[in-house]
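Novice: Got a sequence here, can you build the structure:
(one chain, ligands or ions: 1)
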Amino acid sequence: MSRKILIAGNWKMNGLKAEVSSLAKGVSAKYNNNSAYEMLICPPFTLVANAVDTVKGSGLKVGAQDCHFNTNGAHTADISPLMLKDAGAEYVILGHSERRADHGESDSLVNKKAKAVYEAGLKAIICIGESDEQNKAGKAVEVNQSQVAGSVPDNATAENTVIAYEPIWAIGTGRIPTSDDIQNIHAEIRKALASKLGQSVADGMRILYGGSMKPTNAEEILALADVDGGLIGGASLKVDDFMGIGACVK
Ligand code: PEP
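Specialist: Below is the predicted model:
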């Protein structure tokens, strides 16, 4: 089953209006809409609508980095999937390890948010990944399978969901797993998706790798059989680095 590569940028808590003009505009100007891959930027909430307007017509997509599971109501400072849809977002990153660590987000909360994202007609990028300690204890497969079981809703499909495997110890550190390890864990994640959602959904669902991806290592990672793109933090903040990763898609 063919899975279109997705190159997604997570700006995290970085960017002002000036970055929409320089970075979002710069990426959209260079992105070729007929590319063999899909490209997405996820700026902070404050910039989503502005980014959508700025990249209009380029094919570059815009997403957000989190949302609430309700549509509206008494939830001060929260942002709902409907608001993101209204702003023109197409994707929402959920369960990033920084949300799990900084805001105590659990698998069941991520699951609830993903269902709300589907209800609004958006796509969820559900992040999973083991800590350094879990990795060293040989528990990476077990941890990621359990996060799939808990975070991914039963009504997830290959169209409404993307998984991002992000070993926490590789995020922003410059350390990355070996290619064999990345391929192995992606294959195990696909098995966990198959046992939850059925083989054909699992075969169609994209699994991104995230953690210190750069133009210098992307070609090897993106060539792996079960890697269907990248979720990129630091390197998504520079037009040339982000486009350089896109250029590694073969
Ligand atoms: C991330 O936080 O999603 C990420 C992959 O960051 P970086 O690329 O900077 O490691």
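Novice: give me the number of residues near the nearest residue to Ala235 once chain neighbours are set aside?
Specialist: With sequence-adjacent residues excluded and distances taken as C-beta to C-beta, 6 or more residues apart in numbering, Ala235 is closest to Asp241, at 4.1 Å. Placement of C-beta: from N, CA and C, glycine included. Using other C-beta atoms under 10 Å, Asp241 is surrounded by 18 other residues.
Novice: ok, Asp241 to Ile5 distance?
Specialist: 17 Å (C-beta to C-beta, to the nearest Å).
Novice: can you check Ile185 too?
Specialist: 18 Å.
Novice: neighbour count winner among the two?
Specialist: More neighbours surround Ile185 than the other of Ile185 and Ile5, with 25 against 20 (other C-beta under 10 Å).
Novice: Surely that one and Thr178 touch.
Specialist: No: here Ile185 does not reach Thr178: they are 10.6 Å apart, not a contact under C-beta atoms under 8 Å.
Novice: what about the helices in the protein?
Specialist: For the chain, the helices defined by DSSP state H cover 17-19, 25-30, 45-55, 81-87, 97-103, 107-119, 132-136, 140-151, 179-197, 199-204, 215-222, 239-246.
Novice: closest to the ligand out of those?
Specialist: When the helices of the chain are compared by C-beta to the nearest ligand atom, helix 97-103 sits nearest the ligand, at 6.7 Å.
Novice: do that closest one and the ligand meet at all?
Specialist: No: using C-beta under 6 Å from any ligand atom, helix 97-103 stays clear of the ligand, coming no nearer than 6.7 Å.
Novice: send the alpha carbons of that helix over as PDB?
Specialist: This file holds the C-alpha atoms of helix 97-103, laid out as PDB (Å, rounded to 0.1, in the frame of the first residue of the first chain):
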ATOM      1  CA  SER A  97       6.700  14.100  24.800                       C
ATOM      2  CA  GLU A  98       7.000  17.700  25.900                       C
ATOM      3  CA  ARG A  99       3.200  17.900  26.400                       C
ATOM      4  CA  ARG A 100       3.400  14.500  28.200                       C
ATOM      5  CA  ALA A 101       6.200  15.800  30.400                       C
ATOM      6  CA  ASP A 102       5.200  19.400  31.000                       C
ATOM      7  CA  HIS A 103       1.500  18.900  31.200                       C
END
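Novice: now it: mean pLDDT?
Specialist: Mean pLDDT, helix 97-103: 98.
Novice: Pull the residues that contact stretch 217-226.
Specialist: 5, 176, 179, 182-183, 186-187, 189-190, 207, 209, 213, 227, 229-230, 244-245, 248-250 (C-beta atoms under 8 Å, 6 or more residues apart in numbering).
Novice: buried residues in it?
Specialist: Asn217, Ala218, Ile221, Leu222, Leu224, Asp226 (16 or more other C-beta atoms under 10 Å).
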